[in-house]
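Q: predicted structure and sequence below. I'll ask about it afterward.
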Amino acid sequence: MLRFASLQDRSATTAIWLALVALLVLIMVVVGGITRLTESGLSITEWAPVTGALPPLSDAEWNRQFEAYRQTTQYAQLNAGMSLDAFKGIFWWEWAHRLLGRLIGAAFAVPFFILLFLRQIPRRLVWRCWVLLGLGGLQGVVGWWMVVSGLAGRVEVAPERLTVHLGLALIIFVGLVWTALEAWAGEDNSRSPGGWSRGAAALLGLVFLQCLLGGLVAGNDAGRVFTDWPMFEGSWWPPVDWSLGAGAFLHDQGLVQLMHRLGGYAVFLASLAFLIQSLRWKLADRVPTAAMFLFGAVLVQAILGIATLMTALNPWLAGLHQAGGVIVLGLATGLLWRVRRSQPRLFMSSAMSSRAL
């Protein structure tokens, strides 16, 4: 008797589709970072979700877009006298960034409705896919909200809005990775002891926070100052403009970079501690392997971060560093997922063996 896929608890097709969309989101984050580095994000001054998919196709349209950009504060203060050809250079980066966002939306929505119609998505995951679809739509709105902050009175978008935009993209990425793993492996009701789950969850939260701090660094161009390491131009503490009050934590370049450095140290130590403990307790179900991959990625990411800083934001290194942050976040998500699926009896037996020694 033929059994509908909707009655099955796992779907390789769904898992592969979600994993590919997650990969596109990773690429999107990197492209967004390059768009920020090239100061291209304000080159398109209007939000046209449908018609904006087409680039200017005539000289008149190019001139219209250029004239709109010439009304911005960024043009007046940073790019006064820019030629039309130079404008096209920054326009294409922002257009590609927005086009990729549209493609991600299509890459998620079209297969989703097809698989939903064919009953290929496990029932327990359907609501999660609806949530991810909604978050994707919200991301477009947040992206425009970010751009609007830089069109008048500023030469760049507000760092806090850029960080919210990045944070939502990372939440979507984590949701895609987790749901893909669930679709691939099927449902499992076993749960590891609370301490290990809480520890892995805290580690994931710490990595996410570090990514947000990276967004503040990017939004404030804080990676272009204090390009020595481990000190700040010979001092262990950067000068901070405390006249900004609480706003210093969002807008002071020195303080923002300090927080990002401290966050990096915390992620390094936390991932190392989790790896050591998982090896010491001889945890089963490949938890130590997942922890080892995470720590290795954190180590590479730390080296990339230092190199990016000391080269005053070399574009290639900066792009790799941003991609590395998303990869570390994905591995931290995978670690938490693996820990939560580890059999409690395996944890208990490993703990008892360790104590016996």
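A: Looks like it came in fine. These numbers come from a predicted model, not from an experiment.

Q: can you pull the contacts of residue 167?
A: 208, 211-212, 215 (CB atoms under 8 Å, 6 or more residues apart in numbering). Any C-beta I mention is one placed from the backbone N, CA and C, and that applies to glycine too.

Q: now the host helix or strand of residue 301: buried residues?
A: Taking DSSP states H and E as the criterion, residue 301 maps to helix 287-310. For helix 287-310, the neighbour count (16 or more other CB atoms under 10 Å) marks 287-288, 290-295, 297-298, 301-302, 304-306, 308-309 as buried.

Q: residues contacting residue 122?
A: Contact partners of residue 122, counting by CB under 8 Å, 6+ apart, are 6, 8-11, 14, 182-183, 186-187.

Q: repeat for residue 205
A: No residues are in contact with residue 205 under the rule CB under 8 Å, 6+ apart.

Q: check the one 3 residues further on too.
A: When contacts are counted by CB under 8 Å, 6+ apart, residue 208 is found next to 167, 170, 174, 329, 332.

Q: just the buried members of the contacts of residue 167?
A: Members of the contacts of residue 167 classed as buried by 16+ other CB under 10 Å are 208, 211-212, 215.

Q: mind putting those residues into a markdown table with distance to residue 95, secondary structure and pLDDT?
A: Converted to a markdown table, the buried ones among the contacts of residue 167 look like this (distance: CB to CB, whole Å; DSSP: H, G, I helix; E, B strand; the rest coil; pLDDT from 0 to 100):
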| residue | distance to residue 95 | secondary structure | pLDDT |
| --- | --- | --- | --- |
| 208 | 29 | helix | 97 |
| 211 | 25 | helix | 96 |
| 212 | 27 | helix | 96 |
| 215 | 22 | helix | 94 |
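
Q: now those residues in JSON lines, with distance to residue 262?
A: JSON lines is the format used below for the buried ones among the contacts of residue 167 (distance: CB to CB, whole Å):
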{"residue": "208", "distance to residue 262": "15"}
{"residue": "211", "distance to residue 262": "14"}
{"residue": "212", "distance to residue 262": "13"}
{"residue": "215", "distance to residue 262": "16"}
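
Q: chain center to stretch 257-269: distance?
A: Relative to its chain's centre, stretch 257-269 lies at 17 Å (CA atoms, centre = their mean, to the nearest Å).

Q: residue 152 in helix, strand or coil?
A: Assigned with DSSP: H, G, I helix; E, B strand; the rest coil, residue 152 falls in the coil class.
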